[in-house]
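In: What shape does this take:
(chains A, B, C and D)
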There are 2 protein chains.
Amino acid sequence: MSNEPLLDRTQLGAYFALVEVAGLLRHAVDQQLRDVGDLSYVQFQLLARLGESSAGTQRMTDLADGVVYSRSGLTYQVSLLEKAGLLTRGASPEDERVVTVAITEDGRERLAAVLPGHAAIVRDLLFGPLSHDDARTLERLLEPVRDHMRSAPPRSAASRRPKGGRERP
Amino acid sequence: MSNEPLLDRTQLGAYFALVEVAGLLRHAVDQQLRDVGDLSYVQFQLLARLGESSAGTQRMTDLADGVVYSRSGLTYQVSLLEKAGLLTRGASPEDERVVTVAITEDGRERLAAVLPGHAAIVRDLLFGPLSHDDARTLERLLEPVRDHMRSAPPRSAASRRPKGGRERP
DNA sequence: TATTGTTATACTCTATAACTATA
DNA sequence: TATAGTTATAGAGTATAACAATA
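Out: Have a look, this model is predicted:
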């Protein structure tokens, strides 16, 4: 074994900063979503995804895509949101295995109620110390990383895609 | 209310990329720590902090600093690590209220067992698509953000510092 | 046989509040 | 009175595996 560290100082610094920034940001946003909208971050993400989609509907599988957890976790969260009246589940005409999820009017309102505060926190906390050029740079750096991570299956859990991870076809 | 969005496209893109990158990275690292070292990420962080400190010891309060959770959560995690023999708790001679936590030899070994794989994942997943200059830029952008977040108390939880959050003195 | 989704279950983690003790 | 830490307890979230139904 060599003595060379796998990460140099710069990389370590960037890594720790990234983890801490994301953690603190997530925590702050979590709190706001909980206080204002009685939503967890995951629930917010699901609603936001539905809200963005043109028809306001998506299949369960597509909904899970990118949101990192198990199928059962998705069922659990969607059940909660359905109970709260923020979305509905319905059968799909074409493929009877598929469940189509649709955001409700209440869901849209909840989303609208929560968005401004959410955006304000992100603007103040994350972009407060950054220029607009910095934001552009951050985006330019992180998007390739995200794409790379999406396509890289975790070494240990190689078997049957635990998350939205794409496998080579 | 104005119609101006609080975040522009670039900021939104950077924000989402940051959240997803951190989430996927965290997930991958979590898995590795669990598989190789039977440690959660938080437990790893605690051990790593102790390992870095010169004497291998720290007060509970200092240990919590920066790691985002409640006091009781820290007690819980430290108890687990103590049960596993990876650290010890002892009284402090000066201030009898203080508990001093020290990493054990087993703790150091566990850390050493886990670090190379950990670093490898970070190097491949996070820095794979980035040049060294990119890493430097990332660090330069994120460190001020981290400092800013550390000093910014979350609007809603203003009261008695729920985490390692600094309050103005 | 593979895919979509649900259920049951067990476990981990986190947070709140009440508590003890020292300063 | 304020600080350091623990405990009890309750709740939310997650993962695994077994399952049913459809393709």
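In: per-residue confidence for the nearest residue to residue A:80 once chain neighbours are set aside?
Out: Residue nearest to residue A:80 in three dimensions, not counting chain neighbours: residue A:43, with 6.8 Å by Cβ to Cβ, 6 or more residues apart in numbering or on different chains. Placement of C-beta: from N, CA and C, glycine included. Per-residue pLDDT puts residue A:43 at 96.
In: so residue A:43, which of the three states?
Out: helix (DSSP: H, G, I helix; E, B strand; the rest coil).
In: How much space separates it from DNA strand D?
Out: Distance of residue A:43 to DNA strand D, computed by Cβ to the nearest atom of the strand, to the nearest Å: 7 Å.
In: Helices of chain A, residue ranges please.
Out: A:9-37, A:41-52, A:60-64, A:71-83, A:105-121, A:132-151 (DSSP state H).
In: Format these as a markdown table; extra columns: distance to DNA strand C and mean neighbour count.
Out: Converted to a markdown table, the helices of chain A look like this (distance: least, Cβ to the nearest atom of the strand, whole Å; neighbours: other Cβ atoms under 10 Å in any protein chain shown):
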| stretch | distance to DNA strand C | mean neighbour count |
| --- | --- | --- |
| helix A:9-37 | 7 | 20 |
| helix A:41-52 | 12 | 19 |
| helix A:60-64 | 3 | 18 |
| helix A:71-83 | 3 | 15 |
| helix A:105-121 | 16 | 17 |
| helix A:132-151 | 17 | 18 |
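In: Among these, which comes closest to residue B:132?
Out: Set against residue B:132 and scored by Cβ to Cβ, those come closest in helix A:9-37, at 7.0 Å.
In: Which of the helices of chain A has the lowest mean pLDDT?
Out: Lowest mean pLDDT within the helices of chain A: helix A:60-64, a mean of 88.
In: is that helix anywhere near DNA strand D?
Out: No - Helix A:60-64 stays clear of DNA strand D (Cβ under 7 Å from any atom of the strand), getting no nearer than 10.3 Å.
In: Can you get me a residue count around the residue lying closest to residue A:102 once chain neighbours are set aside?
Out: Once flanking residues are discounted, residue A:102 sits nearest to residue A:57: 4.3 Å by Cβ to Cβ, 6+ apart. The tally of other residues near residue A:57 (other Cβ atoms under 10 Å in any protein chain shown) stands at 17.
In: who are the neighbours in contact with residue A:57?
Out: A:50, A:100, A:101, A:102, A:103 (Cβ atoms under 8 Å, 6 or more residues apart in numbering or on different chains).
In: So among those, which ones count as buried?
Out: A:50, A:100, A:101, A:103 (16 or more other Cβ atoms under 10 Å in any protein chain shown).
In: okay but the first one is in contact with residue A:63, surely?
Out: Yes - with contact defined as Cβ atoms under 8 Å, residue A:50 counts as touching residue A:63 (7.4 Å).
In: Give me the distance between the residue nearest to residue A:45 when sequence neighbours are not counted and residue B:82.
Out: Nearest residue to residue A:45, sequence neighbours excluded (Cβ to Cβ, 6+ apart): residue A:67, at 5.6 Å. Computed as Cβ to Cβ, to the nearest Å, the residue A:67 to residue B:82 distance reads 35 Å.
In: ok, for residue A:24, nearest residue in space, not its chain neighbours?
Out: Leaving aside its sequence neighbours, residue A:24 is closest to residue B:149 (4.3 Å, by Cβ to Cβ, 6+ apart).
In: how about that neighbour, what does it touch?
Out: A:20, A:21, A:24, A:25, A:28, A:125.
In: quick revisit: which one of the contacts of residue A:57 sits closest to residue B:11?
Out: Nearest to residue B:11, judged by Cβ to Cβ, of those is residue A:50 at 22.1 Å.
In: Contact partners for the closest one?
Out: A:56, A:57, A:58, A:63, A:87, A:101, A:102, A:103, A:107.
In: now it: how far from chain B?
Out: 16 Å (Cβ to the nearest Cβ, to the nearest Å).
In: State the distance from the residue nearest to the spatial centre of chain A to residue B:90.
Out: Nearest to the geometric centre of chain A sits residue A:67, at 4.8 Å (Cα atoms, centre = their mean). Here residue A:67 is placed at a distance of 43 Å from residue B:90 (Cβ to Cβ).
In: Would you tell me which residues of chain A are close to DNA strand D?
Out: A:40, A:42-43, A:68-73, A:76-77, A:80, A:94-97, A:162.
In: try 10 Å this time
Out: Applying Cβ under 10 Å from any atom of the strand, we find that chain A lies next to DNA strand D at A:30, A:33-34, A:38-44, A:67-77, A:79-80, A:91-98, A:156-157, A:159-160, A:162-163.
In: sorry, back to before: wait, which of the contacts of residue A:50 is closest to residue B:140?
Out: For the contacts of residue A:50, the nearest to residue B:140 is residue A:63 (36.5 Å; Cβ to Cβ).
In: before we move on, back to that, what sits against the residue nearest to residue A:80?
Out: By Cβ under 8 Å, 6+ apart, residue A:43 lies in contact with A:33, A:77, A:80, A:81.
In: want to throw those into CSV with distance to residue B:16?
Out: What follows is these, written out as CSV (distance: Cβ to Cβ, whole Å):
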residue, distance to residue B:16
A:33, 15
A:77, 19
A:80, 23
A:81, 20
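In: Just name the closest of the residues you listed to residue B:138, please.
Out: residue A:33 (26.9 Å).
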